[in-house]
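Novice: I would like to see how this sequence folds:
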Amino acid sequence: MNLEATMESPTQVATEKKPKVNHFLALRKEVDQYFKLNNISDKGEKKFLWTALFIVAVYLASYLTIVLSDLMPLAKLGLALVMGVFHALAAMNIVHDAVHKSAFKSNKWNDRFGLFFNLLGANTNNWRIQHNILHHKYTNVEGKDRDIDTGGLIRMSPNQPRKFMHRFQHLYQWVLYGFLHMNWITFKDFSQYKDFVRDGYIKEKDKAKEFRIMFLSKTFYWFYALVIPMLVLDLPIWQILLGFVAYQFTIGLYLSVVFQLAHVIENMDFPEGLKKDWMIHQLTTTSDFNPRNKFVAWMTGGLNNQVIHHLFPHISRVHYAKVNEIMTNYLAKHNLPYHSWPTFTSALVSHYRMVKKLALTD
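Specialist: Numbering: from 1, shown residues only. Sure thing, here's the model as predicted:
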């Protein structure tokens, strides 16, 4: 049974009771069998590599054309938007898989590609802690999952206090989303670094090294992304700043929307703590959208298949469509919950309705 074809919005509700059958191990056995029978690796390998090279090539070509060509300012502004899109694609298609060690069998190469995040202004180690450790374990748990923590600017969970300003959040959320990356590379990484040292996620012996990497990589990013254009472009400063802000806004809006469609959406659960069964926790706090569409998968780094990703983060996104078929058949057979929206647009509308609901009701 294909749940995606029959459900616009999921209605099944998971029980808090721990299932007698270990469904996760049973499903994992079926998934592992698929890779074994077809004699293929569950990593991305060549498909991942070619995608990564293409994204980096377009990103660099756009940047070099902006700083070296005599194109009209409007054309350069368009290329800044292209840079923003491919910056976001690099984060989702390259860094995300690499940090989860699903890009290659070799952990050395996974680590190398994961460091690419540092060249994009963000800090790889902070992201690994926030995403791999906290978000994946404590999905949608207030106070633990930092993906739903906006510093109080947007109420992303019914477990968060509702402030006066939140009644307008469904109107201003898109503007704040656009400044996600600017805040990330300027303030958030330093704040997280401090928190992660305090909480023991960054060891005392490593904190100087991690801070040095963070500071030097951010200096390099700001230099090539903003200082060099100011030095070489024969344009008014305001036009250069406009292009930089447009580039940053594109990254922030793109990443924010894709990430939020997986968890801050209607029919999602926001438990106050971890459920007794880990698989049930993931199934009730995570949603897919258009999971079999290859174009959507490429444009989101496979994050339209969030359920598979949360259950099997070691599997590369290049396999998600096929594994989704195995998973949905298993879940339907055992009457387990599965959340999926048929299109990107339907998921986006649901996210908006969810944010509006959180704006207007306690």
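
Novice: Tell me which stretches of the stretch 1-150 of the chain form strands.
Specialist: Counting by DSSP state E, counting those that start in this stretch, the stretch 1-150 of the chain has no strands at all.

Novice: What ranges does it have for its helices?
Specialist: Under the criterion DSSP state H, counting those that start in this stretch, the stretch 1-150 of the chain contains helices at 3-6, 23-37, 45-68, 73-90, 96-99, 107-114, 116-119, 124-127, 136-137.

Novice: What of the stretch 201-350 of the chain?
Specialist: Using DSSP H, counting those that start in this stretch, helices in the stretch 201-350 of the chain cover 207-222, 228-232, 237-260, 278-285, 294-299, 306-311, 320-333, 344-360.

Novice: as a whole number, average confidence for the first one?
Specialist: Model confidence over helix 207-222, given as mean pLDDT, is 97.

Novice: who touches that helix?
Specialist: By CB atoms under 8 Å, 6 or more residues apart in numbering, the residues outside helix 207-222 that reach it are 118-121, 123, 125-126, 185, 189-190, 193, 197, 202. Where C-beta positions appear, they are placed from N, C-alpha and C, glycine not excepted.

Novice: what angle separates that helix from helix 237-260?
Specialist: Here helix 207-222 runs at an angle of 120 degrees relative to helix 237-260 (axes from the mean of the first three to the mean of the last three CA atoms, to 10 degrees).

Novice: and this protein, what are its domains?
Specialist: Following automatic domain parsing, one gets these domains for the chain: 3-40+276-360, 45-260.

Novice: Please name the residues that touch the nearest residue to Y320 once chain neighbours are set aside.
Specialist: For Y320, ignoring the flanking residues on the chain, the nearest one in space by CB to CB, 6 or more residues apart in numbering is N305 at 3.8 Å. By CB under 8 Å, 6+ apart, the contact set of N305 is 288, 291, 297, 317, 320-321, 323-324.

Novice: Likewise for L311?
Specialist: Applying CB under 8 Å, 6+ apart, we find L311 in contact with 24, 27, 279, 282, 327.

Novice: what separates it from F24, distance-wise?
Specialist: L311 sits 7 Å away from F24, going by CB to CB, to the nearest Å.

Novice: Look at I94 and say how many residues are nearby.
Specialist: I94 sits with 25 neighbouring residues when counted by other CB atoms under 10 Å.

Novice: ugh, typo on my part, it should be N335
Specialist: Residues lying near N335 (other CB under 10 Å) number 7.

Novice: Repeat that for M182.
Specialist: Count around M182 with other CB under 10 Å applied: 18.

Novice: need the contact list for the nearest residue to it once chain neighbours are set aside.
Specialist: Distances taken as CB to CB, 6+ apart place Q248 nearest to M182, at 4.7 Å, with adjacent residues excluded. By CB under 8 Å, 6+ apart, the residues touching Q248 are 84, 178-179, 181-182.

Novice: how does it look with 10 Å?
Specialist: By CB atoms under 10 Å, 6 or more residues apart in numbering, the residues touching Q248 are 80, 83-84, 87, 121, 178-186, 225-226.

Novice: likewise L303?
Specialist: Contacts of L303 (CB under 10 Å, 6+ apart): 92-93, 96, 255, 258-259, 261-262, 288-289, 296-297, 309, 317, 320.

Novice: now the farthest one out in the chain, which residue is it?
Specialist: D234 (36.3 Å; CA atoms, centre = their mean).

Novice: give the contact list for that one.
Specialist: Residues in contact with D234, defined by CB under 10 Å, 6+ apart, are D70.

Novice: What of K194?
Specialist: 202, 207, 211.

Novice: Just the element for it, please.
Specialist: Element membership for K194, per DSSP states H and E: helix 189-198.

Novice: got the buried residues for that helix?
Specialist: For helix 189-198, burial by neighbour count (16 or more other CB atoms under 10 Å) applies to 189-190, 192-193, 196-197.

Novice: Could you do stretch 173-183 as well?
Specialist: 173, 176-183.

Novice: again, but for stretch 326-343
Specialist: Those would be 327-328, 330-332, 336-342, for stretch 326-343 by 16+ other CB under 10 Å.

Novice: quick one: contacts for the residue nearest in space to the middle of the chain?
Specialist: In the chain, the centroid-proximal residue (CA atoms, centre = their mean) is F259; its distance is 4.6 Å. Residues in contact with F259 (CB under 10 Å, 6+ apart) are 92, 131, 135, 147-148, 177, 180, 300, 303, 306.

Novice: do the same with D145
Specialist: 130, 134-139, 156-157, 263, 270, 285 are the contacts of D145 under CB under 10 Å, 6+ apart.

Novice: Out of those residues, the closest to F244 would be?
Specialist: Lowest distance from F244 to these (CB to CB) belongs to Q130, with 25.0 Å.

Novice: Give the closest residue to the closest one in space, chain neighbours not counted.
Specialist: Excluding the flanking residues, the one nearest Q130 by CB to CB, 6+ apart is R146, at 5.1 Å.

Novice: pLDDT at that neighbour, what is it?
Specialist: You'll see R146 listed with a pLDDT of 92.

Novice: Next: N2.
Specialist: In this model, N2 carries a pLDDT of 35.

Novice: how about the contacts of F259 in CSV, adding distance to F48?
Specialist: Shown next, in CSV, are these (distance: CB to CB, whole Å):
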residue, distance to F48
M92, 12
H131, 18
H135, 22
D147, 24
I148, 29
Y177, 27
L180, 25
T300, 15
L303, 15
Q306, 18
